[in-house]
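Asks: how would this look folded up:
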Amino acid sequence: MADLFDTGPAPDTAPRPLADRLRPQALSEVIGQQQVLGPEAPLGVMLANGTLGSLILWGPPGVGKTTIARLLARETDLHFTQISAIFTGVPDLRRVFEEARMRRRQGKGTLLFVDEIHRFNKAQQDGFLPHMEDGTILLVGATTENPSFELNAAVLSRAQVLVLDRLSLTDLEHLAQRAEQALGHALPLTGPAREALLEMADGDGRALLNLVEQVAGWKTDHKLDTDALTARLMKRAAQYDKSGDGHYNLISALHKSIRGSDPDAALYWFARMLEAGEDPRFLARRLTRMAVEDIGLADPQAQPVCLDGWQSYERLGSPEGELALAQAVVYLALAPKSNAVYTAYKSARAAARKTGSLPPPKHILNAPTKLMKDQGYGAGYAYDHDAEDGFSGQDYFPEGQPRDAYYIPVERGFERELKKRTDYFAQLRRKRNQP
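Replies: Take a look at the predicted model:
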């Protein structure tokens, strides 16, 4: 039976895109991905031992997910069926499974390749499980999103996740050379222009072959330089999904560069996100969070700098306002770091959840009525302004709860001064509470 969405082979006279003509015919021809295809890598070991199991191929576009799945079916003599989660509904899935059952009764197994598998909902993903378990299908799913977030735990427990990397410039150069051999001539580009072409592909082999095909079709009697190339071609848009992995990976890189006090790397990731179309307001919010989480009272000016930069952006708009945010990025990166308040806050919240029903000690409760006074409210309260050094040293924790120290200032920035104060009050507290 025909695969879903398979329109049959194109006539021999039909033009075929370069990417289709150069599709590898064996796993040994796949460029890159040796971390999964090498002799000691997961797929190499599986194939050598004849123990291929269900797989999830996770990686960016154009790195060979579909090609690898097709070649795995060929290497294991399985029928290859390809579907896309974007176009496939429940009736289509039922038909695929029924066709696979019929093949199995005839002694032929099925490798079901599901492109964009993360787009199936939970119920649809659950529908694969019985057919994976009874051997009706060997599932190979492809996704550009983190499987940990997008796929059911039940599916992940029955499949091995293999991570495919974006192609390196060396990989792309090998692919370009293979394309030139197929075309029968070299690309009309200078060395720097050729490097620029590879960079335009941004790690995507399919995108590179499409660019090569365009360049190869130009009529020119001399080699084109970088300016001529970029004038004729548009740079491929960077892979970036504001709700996907790219978004979270880049904001993580920005956050950790700031935490690591590297203003140059921080500016780079900040610029990468802006170039990809990120909302500057999201960045302003995250910068403010970094100020209170990673810098805190080590530099009390960090938070106002972020808020001022945020307000400046709102008043100026893009692109001028983005400079104010860049200023905040540099300030945060160079500021002394402390998460002492953040850590103290989390510890206090944990203690509050544990002992949340304990009342305050009566000596710090107000007594606006006679009954409350009779109950001891306010009795024994020491007014700190009347105490020596303006400090009474009384215990303000609930009765019966041991005193704990949540806030431990660090010896950096302004918190160095705050540590002197906490040590001073701790010393006075011990002095006041001596018998």
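Asks: so what pLDDT did the residue lying closest to Phe80 once chain neighbours are set aside get?
Replies: Across the structure, with Cβ to Cβ, 6 or more residues apart in numbering as the measure, the residue nearest Phe80 apart from its sequence neighbours is Ala73 (3.7 Å). To be clear about C-beta, it is placed using only N, CA and C from the backbone, and glycine gets the same treatment. Here the pLDDT value assigned to Ala73 is 95.
Asks: Next one: Ala73 from Ala324, what distance?
Replies: Separation of Ala73 from Ala324 (Cβ to Cβ, to the nearest Å) stands at 55 Å.
Asks: do Glu411 as well
Replies: 31 Å.
Asks: Looking at the two, which is more packed in?
Replies: Neighbour tally, Glu411 and Ala324, criterion other Cβ atoms under 10 Å: the higher count belongs to Ala324, 21 against 10.
Asks: so that one is in which element?
Replies: helix 320-334 (DSSP states H and E).
Asks: Contacts for that helix, please.
Replies: Contacts of helix 320-334 from elsewhere in the structure, counted by Cβ atoms under 8 Å, 6 or more residues apart in numbering, are 254, 257-258, 261-263, 266-267, 270, 274, 280, 283-284, 287, 290-291, 294-295, 302, 305-306, 308-310, 312-316.
Asks: again with stretch 209-222
Replies: Surrounding stretch 209-222, the residues in contact under the criterion Cβ under 8 Å, 6+ apart are 17-19, 22, 175-176, 179-180, 183, 185, 187-189, 197, 200-201, 224, 229, 232-233, 236.
Asks: would you list every one of the strands in the protein?
Replies: Taking DSSP state E as the criterion, the chain carries its strands at 55-58, 79-84, 110-115, 138-143, 160-163.
Asks: Include mean pLDDT and mean neighbour count when you put those strands into JSON lines, please.
Replies: What follows is the strands of the chain, written out as JSON lines (pLDDT from 0 to 100; neighbours: other Cβ atoms under 10 Å):
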{"stretch": "strand 55-58", "mean pLDDT": "94", "mean neighbour count": "25"}
{"stretch": "strand 79-84", "mean pLDDT": "95", "mean neighbour count": "19"}
{"stretch": "strand 110-115", "mean pLDDT": "95", "mean neighbour count": "25"}
{"stretch": "strand 138-143", "mean pLDDT": "95", "mean neighbour count": "24"}
{"stretch": "strand 160-163", "mean pLDDT": "94", "mean neighbour count": "16"}
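Asks: Put together a markdown table for the ones you listed, with distance to Pro42 on each row.
Replies: Written out in a markdown table, the entries for these read as follows (distance: least, Cβ to Cβ, whole Å):
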| stretch | distance to Pro42 |
| --- | --- |
| strand 55-58 | 9 |
| strand 79-84 | 20 |
| strand 110-115 | 16 |
| strand 138-143 | 13 |
| strand 160-163 | 6 |
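Asks: related to what we said a few turns ago, how far does the helix holding Ala324 sit from its chain's centre?
Replies: Relative to its chain's centre, helix 320-334 lies at 23 Å (Cα atoms, centre = their mean, to the nearest Å).
Asks: Start the count at 6 instead of 1 going forward.
Replies: Done: numbering now begins at 6, and the last item shifts to helix 325-339.
Asks: What are the buried residues along that helix?
Replies: Within helix 325-339, the residues that qualify as buried by neighbour count (16 or more other Cβ atoms under 10 Å) are 326-327, 329-331, 333-338.
Asks: closest to Tyr350 among those residues?
Replies: Sorting the buried residues of helix 325-339 by distance to Tyr350 puts Leu337 at the head of the list, at 19.2 Å, by Cβ to Cβ.
Asks: who touches the closest residue to that closest one other than its chain neighbours in this structure?
Replies: Closest residue in space to Leu337, ignoring its immediate chain neighbours: Ile263 at 4.9 Å, by Cβ to Cβ, 6+ apart. The neighbours of Ile263, taking Cβ under 8 Å, 6+ apart as the test, are 271, 292, 295, 299, 334, 337-338.
Asks: switch the cut-off to 10 Å
Replies: By Cβ atoms under 10 Å, 6 or more residues apart in numbering, the residues touching Ile263 are 270-272, 274-275, 291-292, 295-296, 299-300, 333-340, 342.
Asks: before we move on, what about Met137?
Replies: For Met137, the contact set (Cβ under 10 Å, 6+ apart) comprises 58-59, 117, 143-144, 159-160, 163-164.
Asks: Ala372: which of those residues is nearest?
Replies: Checking the contacts of Met137 against Ala372 by Cβ to Cβ gives Ala159 as the nearest, at 60.1 Å.
Asks: roughly how far apart are that closest one and Lys351?
Replies: As for Ala159, its distance to Lys351 is 33 Å (criterion: Cβ to Cβ).
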